[in-house]
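# Could you work out the structure for the sequence below:
(chains A and B)
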Protein chains: 2
Amino acid sequence: MIDQLIAKIQKTKAPIVVGLDPMMKFIPEQIKTAAFAEYGETLKGAAKAIWEYNKGIVDAVCDLIPAVKPQVAMYEQFGVEGMIAFQRTVEYCRQKGLVVIGDVKRGDIGSTSEAYAVAHLGRVTVGSKSYAPFDEDFATVNPYLGSDGIKPFLEVCKENDKGIFVLVKTSNPSSGEFQDRVVDGRPLYEIVGEKVAEWGESCMGSSYSNVGAVVGATYPEMGKALRRVMPKAYILVPGYGAQGGKGKDLVHFFNEDGLGAIINSSRGIIAAYQQEKYAKFGAAGYADAARQAVIDMREDIAQAL
Amino acid sequence: MIDQLIAKIQKTKAPIVVGLDPMMKFIPEQIKTAAFAEYGETLKGAAKAIWEYNKGIVDAVCDLIPAVKPQVAMYEQFGVEGMIAFQRTVEYCRQKGLVVIGDVKRGDIGSTSEAYAVAHLGRVTVGSKSYAPFDEDFATVNPYLGSDGIKPFLEVCKENDKGIFVLVKTSNPSSGEFQDRVVDGRPLYEIVGEKVAEWGESCMGSSYSNVGAVVGATYPEMGKALRRVMPKAYILVPGYGAQGGKGKDLVHFFNEDGLGAIINSSRGIIAAYQQEKYAKFGAAGYADAARQAVIDMREDIAQAL
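Predicted structure coming up:
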């Protein structure tokens, strides 16, 4: 799957993933009003609004980008109806030719981790039949439980040509509380990064591994160190834009081949119309605003590299 | 919510939580056959089998125990239909007077962590209405992202009188890869334990905090150390039974007041009928076997304490 992602990045010349994190405050009033008129102010109504909002954005940007990253929490908070919207969004994005990174941050052990892997990347058996429940292409995974939590994902990835991104150094201010603690003279995130490199060896694509890493744009120096620790891991970089990461911060996340990193922006794209810079598009033009924000982001990154 | 849990533990004299982890291989053939006859070998058929299986166990053991712990991965792997079975299980258990610990191991940052907290412990707003999507009483949470990931859960817990159990030292063999690494002369899990104690101060019940911790029965010496580090945290202890933890290993997880820990058993209870010890019950008597296994577990723990 990493080879497919790289091919799409090269085709679009955009190492960009758009985070589909449809918070209700981002969704234009006209979409919410129509959804509530049809289903009432219900979980189903909210899910309908999310779906319509996502569809507008995906239609507007799908030719410009290689991938999307739906954040499952934003769907899960609307219960079963939200999960239906999540599934529908994943399916639609794949139909549009996009690689889908499920930002699920799951992580458990043994048969439980296997169940998560099956839910998001694999096929579940029911009697003599099998089904692909949510069917993303990649999933984000939490490493705190160690190899017992990761290995079941690797098995499912190998069987189904899928991939994972393991949390290594997250973009948030308090990520250092545990991730930066010094162990044998080195920060914990580097030790996690070494394990990512090790796990990735068994799950290689043609030049990069199907086991990637999450490293926040807000910590460019750590990105530089981690780039060396795990040279074959694709780095998924959150924190650009709204969280403060700039184009120039990104350069160290890439390898000399110009590959090795994909930069996420969520609200900076999907809620661009709420920024002064894109206010001219208005709420009715939210999808066009998202398209323009993608074009501007691509330019910002290209200049930095 | 911790006060309610403690009251139920005292009433039942059983510091026991039954893990509702309905793997298909645990579900008796007669239940699967009936479910598939009704819905086919579909995700809906699997979800129906899970629900009937759970209902049988809950009906058989609900007067003996204070709490259940459904493992969401085992439902999520059956997609949206699985999540419907999860929701129905949570609702039924609460109707039966059980405290429900959602074993979801979620963890993210900021508004995303808030969305997970709302999904599992809180209420989500849709226009002028609000809904409780999955509505467990407690949720398990992963600490790797630091305070930014935990604090949104604390806010939702305070608003809704709910609680969390933070992963500190997990029961699996490879948990030491990161959790045991030595930082400033102490293992990382102790540093996480200290943060659990700190987070818990703002979210107290009458004698224990609504912020508890997960510490595996398979590491009793570490349990002893962590008991001292976080004296007001209830410890949820997985790993008893199938993973190798024995009654005598559990004593250090409790405080001198006889409280402070609740021991989980999943397959040891729900699939007891598959053990030689309970084979006489047969598949038709799987629920009675589960009841006997709860009684035996209660006795094993009582003797150890």
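# following the helix or strand hosting residue A:102, which helix or strand comes up?
Per DSSP states H and E: residue A:102 is located in strand A:99-106. Downstream of strand A:99-106, the first helix or strand assigned by DSSP H and E is helix A:110-121.
# mind checking pLDDT for the closest residue to residue A:12 other than its chain neighbours?
Leaving aside its sequence neighbours, residue A:12 sits nearest to residue A:66 (CB to CB, 6 or more residues apart in numbering or on different chains; 5.3 Å). The C-beta positions use only the backbone N, C-alpha and C, and glycine is treated the same way. pLDDT for residue A:66: 98.
# Now do the phi/psi pair for the residue nearest in space to the middle of chain A.
The centroid of chain A falls nearest to residue A:69 when counting by CA atoms, centre = their mean (3.4 Å). Main-chain torsions, residue A:69, degrees, to the nearest 10: phi -130, psi 90.
# Which residue, other than its chain neighbours, is closest to it?
Among residues not flanking residue A:69 along the chain, residue A:101 sits closest, at 4.3 Å (CB to CB, 6+ apart).
# Then residue A:221?
The spatially closest residue to residue A:221, leaving aside those adjacent along the chain, is residue A:252, at 7.6 Å (CB to CB, 6+ apart).
# How many neighbouring residues does that neighbour have?
Per other CB atoms under 10 Å in any protein chain shown, the neighbour tally for residue A:252 reads 19.
# show me what contacts it?
Residues near residue A:252 by CB atoms under 8 Å, 6 or more residues apart in numbering or on different chains: A:220, A:221, A:223, A:224, A:227.
# how about a cut-off of 6 Å?
Residue A:252 is in contact with A:220, A:223, A:224, counting by CB atoms under 6 Å, 6 or more residues apart in numbering or on different chains.
# ok, now which ones touch residue A:181?
A:188, B:183.
# what's the distance between it and residue A:228?
As judged by CB to CB, to the nearest Å, residue A:181 and residue A:228 stand 20 Å apart.
# next one: residue A:83
Going from residue A:83 to residue A:228 by CB to CB gives 39 Å.
# now do residue A:301
Applying CB to CB to residue A:301 and residue A:228 gives a distance of 21 Å.
# Between the two, tell me which one has more neighbours.
The neighbour count for residue A:301 versus residue A:228, taken as other CB under 10 Å, is higher for residue A:301 (21 against 11).
# Could you confirm the more buried one falls within a helix?
Yes - the assignment for residue A:301 by DSSP: H, G, I helix; E, B strand; the rest coil puts it in a helix.
# contacting residues for the closest residue to it other than its chain neighbours?
Among residues not flanking residue A:301 along the chain, residue A:247 sits closest, at 5.4 Å (CB to CB, 6+ apart). Residues in contact with residue A:247, defined by CB under 6 Å, 6+ apart, are A:300, A:301, A:304.
# Buried residues of the helix or strand where residue A:294 lies, list them for me.
Using DSSP H and E, residue A:294 sits in helix A:286-304. For helix A:286-304, the neighbour count (16 or more other CB atoms under 10 Å in any protein chain shown) marks A:286-294, A:297-298, A:300-301 as buried.
# who in the stretch 1-150 of chain A is up against chain B?
Near chain B, the residues belonging to the stretch 1-150 of chain A are A:36, A:41, A:43, A:46, A:71, A:73-74, A:76-77, A:79-80, A:83-84, A:105, A:108-109, A:112, A:115-116, A:118-119, A:124, A:126-129, A:131, A:133, A:142, A:144-148 when assessed by CB under 6 Å from any CB of the partner chain.
# Could you list the alpha-carbon positions for the helix holding residue A:294 in PDB?
C-alpha atoms of helix A:286-304 as PDB (Å, rounded to 0.1, in the frame of the first residue of the first chain):
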ATOM      1  CA  TYR A 286     -16.600  26.100   1.600                       C
ATOM      2  CA  ALA A 287     -15.500  23.400  -0.800                       C
ATOM      3  CA  ASP A 288     -13.900  25.900  -3.200                       C
ATOM      4  CA  ALA A 289     -12.200  27.500  -0.200                       C
ATOM      5  CA  ALA A 290     -10.800  24.100   0.700                       C
ATOM      6  CA  ARG A 291      -9.500  23.600  -2.900                       C
ATOM      7  CA  GLN A 292      -7.700  27.000  -2.800                       C
ATOM      8  CA  ALA A 293      -6.200  26.100   0.600                       C
ATOM      9  CA  VAL A 294      -4.900  22.800  -0.700                       C
ATOM     10  CA  ILE A 295      -3.300  24.700  -3.700                       C
ATOM     11  CA  ASP A 296      -1.700  27.200  -1.300                       C
ATOM     12  CA  MET A 297      -0.500  24.500   1.000                       C
ATOM     13  CA  ARG A 298       1.100  22.600  -1.900                       C
ATOM     14  CA  GLU A 299       2.900  25.800  -2.900                       C
ATOM     15  CA  ASP A 300       4.100  26.500   0.700                       C
ATOM     16  CA  ILE A 301       5.600  23.000   0.900                       C
ATOM     17  CA  ALA A 302       7.100  23.100  -2.600                       C
ATOM     18  CA  GLN A 303       8.900  26.400  -1.700                       C
ATOM     19  CA  ALA A 304      10.200  25.000   1.500                       C
END
